[in-house]
Each structure stands twice: as structure tokens, then as C-alpha cells.
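coords please:
(chains A, B, C and D, ligands or ions: 4)
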Amino acid sequence: MADLVDPPLVQLLTPEGERVEHPDYRFDGDDQTIAALYRDLVLTRRVDTEATALQRHGELGIWASLLGQEAAQIGSGRALAPQDFAFPTYREHGVAWCRDVDPMALLRLFRGTDQGTWDPDEHNFGLYTIVIGAQTLHATGYAMGIQRDGAVGTGEAGRDAAVVAYFGDGATSQGDVNEAFVYAAVMNAPVVFFCQNNQWAISEPTTRQTRVPLYQRAAGFGFPGVRVDGNDVLAVHAVTTEALQRAREGSGPSLIEAFTYRMGAHTTTDDPTRYRHSDEVERWKLRDPLERVRAYLRRVNAVDEAFFTDIEAEAEELGVRLRAEVRALPDPDPTTLFGNVFTEQTPELAAEQEEFRSWSASLETEVAR
Amino acid sequence: MADLVDPPLVQLLTPEGERVEHPDYRFDGDDQTIAALYRDLVLTRRVDTEATALQRHGELGIWASLLGQEAAQIGSGRALAPQDFAFPTYREHGVAWCRDVDPMALLRLFRGTDQGTWDPDEHNFGLYTIVIGAQTLHATGYAMGIQRDGAVGTGEAGRDAAVVAYFGDGATSQGDVNEAFVYAAVMNAPVVFFCQNNQWAISEPTTRQTRVPLYQRAAGFGFPGVRVDGNDVLAVHAVTTEALQRAREGSGPSLIEAFTYRMGAHTTTDDPTRYRHSDEVERWKLRDPLERVRAYLRRVNAVDEAFFTDIEAEAEELGVRLRAEVRALPDPDPTTLFGNVFTEQTPELAAEQEEFRSWSASLETEVAR
Amino acid sequence: MTATTMSMAKALNAGLRRAMDDDSKVVLMGEDIGRLGGVFRITDGLQKDFGDERVIDTPLAESGILGTAVGLALRGYRPVVEIQFDGFVYPAYDQIVSQVAKYRYRSGGRVGMPIVIRIPFGGGIGAVEHHSESPEAQFAHTPGLKVVACSNPRDTYWMIQQAVASPDPVVFLEPKRLYHSTKAEIDVEATPTPLFSSQVVRPGTSATVLAYGPAVSVAMGAAEAGLADGLDLEVIDLRTLSPLDMGPVHESVRKTGRAVVVHEAHRNLGMGAEIAARISEECFYSLEAPVLRVGGYDTPYPPSRVEEAWLPDLDRVLDAVDRSLAW
Amino acid sequence: MTATTMSMAKALNAGLRRAMDDDSKVVLMGEDIGRLGGVFRITDGLQKDFGDERVIDTPLAESGILGTAVGLALRGYRPVVEIQFDGFVYPAYDQIVSQVAKYRYRSGGRVGMPIVIRIPFGGGIGAVEHHSESPEAQFAHTPGLKVVACSNPRDTYWMIQQAVASPDPVVFLEPKRLYHSTKAEIDVEATPTPLFSSQVVRPGTSATVLAYGPAVSVAMGAAEAGLADGLDLEVIDLRTLSPLDMGPVHESVRKTGRAVVVHEAHRNLGMGAEIAARISEECFYSLEAPVLRVGGYDTPYPPSRVEEAWLPDLDRVLDAVDRSLAW
Ligand SMILES: Cc1ncc(C[n+]2csc(CCOP(=O)(O)OP(=O)(O)O)c2C)c(N)n1
Ligand SMILES: Cc1ncc(C[n+]2csc(CCOP(=O)(O)OP(=O)(O)O)c2C)c(N)n1
Ligand SMILES: [Mg+2]
Ligand SMILES: [Mg+2]
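Ligands and ions are numbered 1, 2, ... in the order given. Below is the predicted model:
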């Protein structure tokens, strides 16, 4: 299966932190932008490690770690214009970060106090979606809405918009994802399909989903596909920027395969030692998405040492805040169970709520006795 | 959308009835084989026109005509070895013919007396499938069964088997069809995906399903795709023979796009004048799948005139038989409604059947009174 | 009064047209609904008048239709989706029950799904497999979906507009065999009955017959025929299946003491089960007989040449009424 | 007697192993069931012992799993399919209800579908969305499918083998929260109870409590707790949901005069509706009170930090029993 690994991969920053040229793509920011991306990477990783720790302490029900995928998420997330819209899976904590969603919103969801309560319209960031692939169709439909709003190909700055749909390597097998490709192609919808190929779908390696590289799927549906080093935040940023621009201009969909690696378990309930070798993980550690940016910033003296210690302090502070806030989260009031099923509560639900309320009250009386 | 029509198309017999060479494919039969194919084409068309007429006379509930697609179906159907298995849609009357399914079995289904009662195992021909695309997964699973039976790549004559899955251009948009591509590729299953692109999915032209030629879809899943002149029975036969052989040998799936045309309405309930121009139909008439074979047989003097008149007589006889047998078909006995839901009737169903029986009896008594 | 005579198909067409005129965010989506006007011609002429951005011939993929409808709704549109036939809603089932139905709840009420899912349902048209299903119970069992069924042109004209105006997702069931069968005068300036309400369509005293969709005409036919036997049946058109509007039902059963529910869906776990359970609970002491159910049998939908034996008809309804009266 | 002590998870594993030993045509299919042994480890070690041709890690596509299972069945195999969590069965819904369920009927009995669809179902494990659904009513409403639910390790060991041996498709519901909670001694040489039968698991006289799957322990807990209030509840484990085995149920209700049905699925159109309707019809004159239903509320499954309030518990069961007794 050499060709699953071997085809050329867009890279602009080597694992050693050296910048390299690519004929088609270039990163359009300066060193300060790179420093800002570095901060995003570090803080996102901190959210993640903090969440994993909180889960171990029983404060979260479960957590899906993005460890190793920070560059894929920050690189693409920071390529989004404010008017663009992103549809995540359940692992896009880095993209949520770029869309200014408070990490507490994610932690509440994984703690089990709610099912996602940020306002998608406020952040242009959809709700987390657990049913694999479903959100790729939502993204395509949203992009069709953008077309109907006349917000494609006008050339007016800040008006033309695009959508990015995140999904994993495993998701590419789902009917929904392929239907999204069909719809997007036929409608010429302004949507970027962003596949994080982290090599695993729980315990199944990518070879259980495809026998050719995933980016090649796009051509058969009639739009371009590209494979990018998903651990290279500059390359991901460059490739995503280009694809979004294409979409906003009215040139239609495209597929990005961000070749990356899930460094941790699938979720905190998973035990990857059952199905993969630790040397694979060790090999990927050498391609850590944060290390290479740090190495670059140091090498070119873009920042001083205080920059790094400041970020560490900021991360520490963030960790402390999240820990404290998560621990303080109250469980939801059970009577809220009966709201929000419909815009207005139906008489049936009102009756169930009343039944629940009077029954709970009777229990309390009984206990009090 | 020039590229939907223009890419090279495997052709071995021109609409004028001249044989042409192709670098990759050749028809491996002699003129007697071609004459036999001609007979299939004529008789299949006769089944079809007879059925359309029967529907007009109220003898069938509905009929899905294959008019114009005879070469695609006979060419592929005759490429099947006895041990191969075919999974049809609702329009593969020509393939049914090749698998020795009595046309009466099809007519009973479209009359509404049953839902398909040939024995799939006896004919190696699955039941008609109306839910678009569903059968492509059945075909892939069946091919996985062939693999597990060790009937792939042994080289033993008559042992290695393959499956062909029929579907239309519209079906390519369904999740199921794309999932079948995924499974077949990953499993390297011995299945040939045979898409009859008849240019229309009811009223929607192929451009509503794709913006690139359909045969190209295959490459993105990791297997070969080819577009063949679907109105050229020799080319279809050659291309299908090759794909089946590939599959039997263990080289995995492939996709054939038979570029053809639905000359008639989608079904007898459809009115194509609402959505397509008659000049399109006229243009395709020039590429009639039967005419070119007749022209060839005449040109090379492969057969005498009696050959043609004999076939006409045979067709006439077939028509007469079908007409008579359809008209004589009794409606099913309503009590059979309650059988075959499970292997053994459940007490619940037995009770429903009894309820039905006694109630019907009471009605009759009442009427008799 | 501005009255027009319309079939149910025409009423749907006119209702959709009016909804599209009223709100530019309303878009129609489905297979063959544009140029062809749908296989039942419900959307006839709408693409011509509103353009193909608002009347979308979709690719042949139902999960895609519903999934993109969710996205359009998130962008502020109000998609009205046509499923070509009942049996083809299942590829979209996941998007309907896991996405459309749950979005408002999971988003803490922030995000609504004003989507209408139109499904021509039921049998009796002599079709092949998968064209005669009655999937309503499955949707009614799913919290977050509203489910309604129309039974006559006048109701239909209003119900479709009310469904499109609803901020919640509505599964809108259309009895396909009645599309072109009867016409009614419709006053397009009238004040319609609320969408989520049941209605007594024939008052009576002997027993209560509950029906919806295509079964309403069967029930009415039974009531007519019953007159000869001295029966005076009360018929209720349920109209809304989720939420159920049990007020008029309980009132009627308290009066008649007997109830028969009629629908084409399989009896086992059909709407009749829920209705029987609720009536038994609410009217326990009023019932002179158990609630009886007349439904499609618990077999797959049969071949069309025998479907009339499978489908509930007026004789089976009257038989159930007789059994109830003899209890 | 050759007894072994097993959890429900282990009983499933052992039962599947025995079924695979008995019949080389049995193949297992699903996501992560091979190398990993499934996310619940039900198939632990089976790929190692039977090879990856018989224990297939499928691509991540449920319609694909069921659709290829249909094809394997047509080729003479007996696929046992694992759906990773209840909420992920819906992408396969079309293949299940339109293909698996109908094949025998439409083929005039010629072609069977000996497929088992294993679904870990129900809540109470602190999971995120889509991991705690109870979809049984939708399958039970579909003719052509058999539906069973196990509730304890001993039954489970036999039921899974009986399901695999069944010539008809079986939706096999496993209460995931009980997988590892209790152990039982299993005599692997015993003669098992027939698959499609209900069983009185606790005889009593005050009222009949009907349950299946995870609700059986809730019902048993209620019966224990009820003793203190002088209640002697009869508990029936339904085991089979389609077909229903109403014989023992009717017998019990004729004796007690009262029935309460308990399940996690939404109450509206849940199994309780059908059971209530049937009991009311068959035991009309024996009932001292209407059949009452304790179910999941008619909202989407809630966030896990509040799920215990949503799920039926012994207090809600006893409350329903009290209401029944006070009727
Ligand atoms: C429809 C559906 N089937 C199964 C699952 C269970 N499941 C959750 S994550 C996952 C693997 C996803 O793999 P991939 O798409 O590669 O994303 P990753 O988790 O690696 O980010 C599976 C099978 C699900 N959530 N939805
Ligand atoms: C899942 C599903 N959706 C919709 C339909 C209704 N329908 C029947 S045939 C058809 C068009 C099929 O087009 P294509 O696949 O090109 O095959 P053709 O009829 O042209 O042979 C449609 C939409 C169906 N049978 N199944
Ligand atoms: Mg992955
Ligand atoms: Mg076609």
C-alpha cells in the first residue's frame, strides 16, 4: 500500500523547522502571523491535555483528543474569513478555538451537561456532529444557501463566503460524504471538504476505507483534491486559503486531505495499544506540529524567549480556569428536559413535565418523611 | 458540458454496421455468435414492445421499457459465465433474457400478481430492485461470498466467478452505490459495476448527477473505469468480458459506463415530452442498437434472409404467447397474503389470516343472503 | 368569498405557490420536481415561475436532499422537500431522525429546523413495491418531529401553508390516491383551522371512528353504509399524528363508549396502538368495549393485484364496529 | 452440568464462538470488531481464532454493512452484524426495512435472510448523543423482522445462538449498560428456553410488570422494593418484541387485573402502546385499571448528566403500580 503514503504532499515547513518552497502554494503571512499561529497551537493543545486530565478525574464523561492534529485544525481554522462557516465533527477543538468558541462550551458537552450550546450563527461554527459524515451534507446545503444569497463571486471584499466541512478518513466511506461530493459538484457549491486523515478510524487503519490516497476521490466527482502535510500549519493554511478563495470566487468545491496522525487514543474510552504499535506513534512524534514551528521561530529569531514563557503562562492560566470552571459546573435542572423539543411546548410535553414535577415533589416529600 | 459526451468511447461496430478496431478490446466471437446476439436483441425488444402494449391495454400495472438499451443488456448479459451472478434494477429485461428467466416472470411482477418469483439461485439472477442503488451493495456482498468460497483466482475453468451489478446514471448519486465502490475496492471483490447511462433519471439529465463523465468516478475509489458505446453489442460484450475476467482472476472490481439512451418514457406512467426534445430522440434513433447489427450481418452475408424472417416469426410467436399468458393470469388468492413473511408463520400472522378468512366468509354469506 | 374548485393536487400546488409568494426563503427540493413538476405534478409550473434556485431538481439521493435541507435551514432558508414515494424516505431516515428532529433540542433551543418533508403515502394505486408504504408511526415515535396527514383538498390547501410557516420540522403526509380523485370548493380568504388539531367530520352517536389521510374517506364511506344498519357513526379526522390532539377524541369516546381506529399502516405498533392506549387510559370507565384497530396487515405491502384485500375498507371498518357493539 | 460464570459480554462472546464453531457459514461483520474486538469487546479474540475472512472489520458505513450482508446471505452465508451503537443503525435503516425485512415475502418464500443485527441499545452509561437510543419499536413495526432483547447473561448466551440459527432476520438488542454489570452461572449443556417466548421471572399477585432488556432489572428492583409496601409484583421479561408472546402476559393480567409496561424507549408509540392495546383487547373484563406505561419521555435523549432523571427507574415503576392500584 505504498501509494497510500507516498504521493507528494504539500509541505512549506519541514519537521526540522525549515521553510521550503512549493510551486503552487505559499504561506502569505509574516513571522508575526506565524508566532500567532504558534500561540494558537500551544493553547489548543493545552485545552486538549487539560480536558484529557479532567476526564481521568471523572469530571468529563468522555473526551476526543486532537493531540497531533493541531496544525491541521489551526492552519485551516485561521484561513477562514469571518463570513465563512465551518462544520465540525466532534474533534475540531482547534477550529472551535479559531471561531472564538469558549473551550468551556466543548467541555460542557463532553461532561454531559448539554449537547452543544454555542450559537452557530454567532461564531459561524456548526454544532459538533457525532453521526459520521452527516455534517458534510449540512455544509453543502449551507453553501447552497450562500449561493442563493448572492454571496459568491461578487468580488466584493467581506461579502463572498465559503464553507468548510471537516471529517475524518473513516468518514470517507459513508454514503453521506459521497452524496455531499455529488451535490457540491453538481451545484458548484462554495464548500471546501477538509479531511483530516489521521490514519485511524478508531481501530481501523485507512486501508480499511480505501486503497488509493483519499485526496484522489475528488477527481472522480469533478473537483480538485490535494494532499497536504497536516502537521505543517503553514502548508495547511496556504492550501486552505487557496481552496476557500476558489470557493468564494464561484469556482466550486475542492477536497483537502490533511495527512496527519491521531497521537492519542480515539477517545478516553479507547485503548490503542490493542491495535497499533508504539513505534508508529514514536515515528509520528518526530513530526510534531508544534515543535517545527517553535524550531522555526527560534531559528529565525522571530521572537524572544519571553514570547515562549508568556505563552506557557497563558496556557497555564487557561488550564487553571478550565479546571475550576468545569468543577463548578452544576448538573442541569431535570425539568429543563422538557423544553426545546419544539419552538413552543406541546400540551403533551407540558403534561409530561407536570407529571415529572409532581412525581419528583412526591418523592421529596416521601424522603422528608 | 462537452466532456460529459466527448471522451473516447469504446466502439467495435459503428452505427452504420462497420466493424472497427480498438487497441484494448476485441470481440472474441464469430459471425454466428453475432447472429445469435442479434436474435437476443430482437426478441428482447419484442418482449418490451409487447409489455408496453399490454400495459396500454390495462393488463399490466406499469412497465419500465428498455427500448434503446438492448445492446447494453444483451452485450453484458451474454458475457456472463454460468457461474457468474447478476443483480438487476427494474429495467434489465434483456439481462433476464440472457439468464433464462421467462419473460412471464417479469410480466407477472409488473402486472402486480407477485413481486418477483424466479429463483435467484437457479438463474444466478437477483430479484428486481426498485430502491435505487440498493442492489449494488448486495452484489458486492455476494462477491465477498465468492471470495470466501475460494472461487476467485484459482484459474480452474468454470470455478472462478464474478458478479455484475446493474444501475443507472441517476443511481450514481446514491450513497449506497458509492459505499459499494468503497467496499468492493477495499475487499478487492470480484464485482463489475455496470452503469447504463441512458442520459436520463426520469426527467433529470445526467448533468443533475455529475459534472464529469461517470466512468471517471471509479479511479477515485481505486479501480478502473471505462466508457463503452452502450448501443454497440460487440463493444459491450468485449468490455464486459474483460472486466469479468479481471474480477474472476482476483484483480478486483471495475466500472463500466455503457453510454446509451432511453428511447422511451421512464415508465408507462411518464410523459417525456414534458422535459426533453424530440430531436434528441431522433438523433439517438440513428444509433439504434439493432440496426447496426442487422446492417453488419447483411453486409458480410453472415446469414441469409430466412434468418431474419425466422426471427421475426419467433418474435411474433413469443408476443402471442406472452399476450395470451398474461391475459390468463389469475389474481392471487388473498389468503396467500399471510404467508412467506417468515419461514414459519407466526401465531400472530396465523391469527390475522384466520381473522381474514372468517371475515371474508362472512362477507360472502352476507352477499349470498 | 373567493372560492376556487381544486383537487388535492391542485390545492397543494396553490398552497405551495402562496407560501413561496409570502416568503422568499421558501425553497422546494426533490427529484423531478422542477421541469417535470414532480411525478404527481404537485409542483407543476413552480420552477418556471420561481426559478431553479427556488425549485431545485436534486440529484437522486434522499439523504442528500434532507442533509442539504438542514444546511439550507441553518442558513435561514425554509426548505420544503418532496420525497417521491413513501418507500424512498428510508435512505434519508438518519438525517431525519438524528439531525432534523434533534437540532432544536441539542442546541438548547437556539437553532430551529423549519423543514417540511412532503411524502405521498399509502396504497391503492396499483403500484409496484415501495410505492405504497405508510411510514407515519416511525416518525410520530420520534420526538422533535411533527407529523400531519391531510385527507381532503380544502384542508390540504391550508395545512401545507401552515406546515411551511411552522418553525418546527413537519412530516407532511399526502394520501396519493386522493390527489386527483375529488375536488372541493376552497375559499382562499377563509380562516383555516389550526394545523395541530383533530376534527369531528361527521357527528354521530353509535361509535367513534378515528382516521387520517386516505382512511378518512373509508371511514366516511363506512358511516354512510352503516346508516342502513341503523348505525350513526361519529368520524374524527385526526389530521395531526404528532402531537396528537386527543381532546376531541376523548370527548367523543366518552359520549359513544366505543372507538375504532383505522389506518393503512401495519396494525402492530401503528398509530392505532398509541391511540388505543391513550383512550383506554383517559376513558377507562366510559369504554363499553376495547378500542379496536383496523389496519394494514402485519405483512409487507403485497402485490397490487391483491392490495384491495390488504387495505382497510368500509366492510372491515363496519365489522370492527359490529364487534365493538357486540362486546 | 458444565457451568461457567459469565458476564453478559462474555456470554455473547462465548455464544458467538459456539455459533461459529457449529456453522462455518457464520461470519461477523462490523466496525472495529476484529483486531479491537469491538468497542465493547463482545467479539474479543474471535478474529484471531476464526480469521479475518469470518470476522470482518468493515469500512465505516452502516448501509454498506447491511447491504453487503444481504449479498453474503444470498450467497449462503449467515452474517451477524454489529452496529456499534444504537444511534448508528439509521444509515442502514433503508437496507433493513426495505431489503432485509422484505426479501422472503417478495421472493414468494424462495429466499431467506438469515441475518442477525446486533445492536447495543439503551442509556445509562454517561455517553454523548446518539449512544443511548432505544429504536426497537421502529423495527417491531416492520413486518419481516424479528426483534428480541436480552436482559441477563444466561438468556443472552442462548438467545444469541438461537438468533444466529434462525432462518429469519433477527434484530438482537443488547442492553449495553448491563454488559459487564452482573455475572451468572451458565450451564452450557442445558436446554434453552425457546427464543420467541416471554417468561415470568418473578411470580406475584398485586400487579403485572412487563419489561425487556435493561428495564427488566428496573422492574425486578421495583418488585424487591415493593415488598416493603406489601406489594407482590409479577414481573415478566418479554424477551421477544416481534412477534410478541402475549400468552403469559394475558394469563398474568387475568390474574392480577393490572399491568404496567416499562421501557426506555419514548413512551409515545413505544412497545408499551402495542402491549397496552393488546391487553385491553384480550383482557377487557379482567382489567381493574388501564394498562399504564413507564417509558423514556417524549424528548430526544438528554445530556448524560440528567439522563437518570429521564430513564425509568424503580420509583417511577412503583408510582405507576400505585396509580394502577388506586384506579
Ligand atoms: C454513523 C456512525 N457510525 C459509527 C460511529 C462510531 N464512531 C465514532 S468515531 C468513529 C471513527 C471515525 O473515524 P474518522 O472518520 O477517521 O475520524 P477520527 O475519529 O479519526 O477523527 C466511529 C466508527 C459514529 N459516530 N457514527
Ligand atoms: C431510493 C429511490 N429514490 C427514488 C426512486 C424513484 N425513481 C425510480 S427510477 C428513478 C430514476 C432512476 O434513474 P437511473 O438510475 O438513471 O435509472 P433509469 O431509470 O434511467 O434506468 C427514480 C428517481 C427510487 N426508485 N428509489
Ligand atoms: Mg481518522
Ligand atoms: Mg438513467
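
now do the helices in the stretch 151-300 of chain C.
Assigned by DSSP state H, counting those that start in this stretch, the helices in the stretch 151-300 of chain C fall at C:153-165, C:215-227, C:247-256, C:271-282.

can you name the residue of the stretch 201-327 of chain C nearest chain A?
Across the stretch 201-327 of chain C, no residue is closer to chain A than C:P243, which sits at 4.3 Å (Cβ to the nearest Cβ). The C-beta positions use only the backbone N, C-alpha and C, and glycine is treated the same way.

mind showing which ranges of the chain have poor pLDDT?
All of this refers to chain A. A:1-6, A:366-369 (pLDDT under 70).

chain C was what I was after
For chain C, the ranges with pLDDT under 70 are C:1.

in the stretch 51-200 of chain A, which residue sits closest to ligand 3?
A:G168 (3.6 Å; Cβ to the ion).

how close does the closest residue to that residue other than its chain neighbours sit to ligand 1?
Setting aside the residues directly before and after it, A:G168 is nearest to A:Q196 in space (Cβ to Cβ, 6 or more residues apart in numbering or on different chains), at 5.8 Å. Per Cβ to the nearest ligand atom, to the nearest Å, A:Q196 is found 6 Å from ligand 1.

and A:Q32, by the same measure?
31 Å.

what is the burial count for A:R262?
Counted with other Cβ atoms under 10 Å in any protein chain shown, the burial measure for A:R262 works out to 27 neighbours.

right, and it touches A:Q69 too?
Yes: under the criterion of Cβ atoms under 8 Å, A:R262 makes contact with A:Q69 at 6.8 Å.

common neighbours of the two, please.
A:N198 (Cβ atoms under 8 Å, 6 or more residues apart in numbering or on different chains).

hey, where'd the helices end up in chain A?
A:31-56, A:70-77, A:93-98, A:103-111, A:120-123, A:134-148, A:175-187, A:233-249, A:278-285, A:291-299, A:305-328, A:347-368 (DSSP state H).

domain map for the chain?
Let's take chain A. A:2-328, A:334-368 (automatic domain parsing).

oops, chain C please
Split by automatic domain parsing, chain C gives C:3-187, C:199-325.

and the first one, does that touch ligand 4?
No: counting by Cβ under 5 Å from the ion, ligand 4 is not contacted by domain C:3-187; separation bottoms out at 9.0 Å.

quick one: end-to-end length of that domain, please.
4 Å (Cα to Cα, to the nearest Å).

next: the last one.
From its first residue to its last, domain C:199-325 covers 23 Å (Cα to Cα).

do the same with stretch C:70-85
20 Å.

ok, that stretch near ligand 2 or not?
Yes: counting by Cβ under 6 Å from any ligand atom, ligand 2 has neighbours in stretch C:70-85: C:Q84.

C:M29 touches C:A69, doesn't it?
Yes: counting by Cβ under 8 Å, C:A69 is a contact partner of C:M29 at 6.1 Å.

neighbours of the residue lying closest to A:E312 once chain neighbours are set aside, how many?
Nearest non-adjacent residue to A:E312, counting by Cβ to Cβ, 6+ apart: A:V42, 7.6 Å away. A:V42: 20 surrounding residues under other Cβ under 10 Å.

what does C:K25 give?
17.

deepest-packed of the helices of the stretch 151-300 of chain C, please.
Stretch with highest mean neighbour count among those: helix C:271-282 (a mean of 25; mean count of other Cβ atoms under 10 Å in any protein chain shown).
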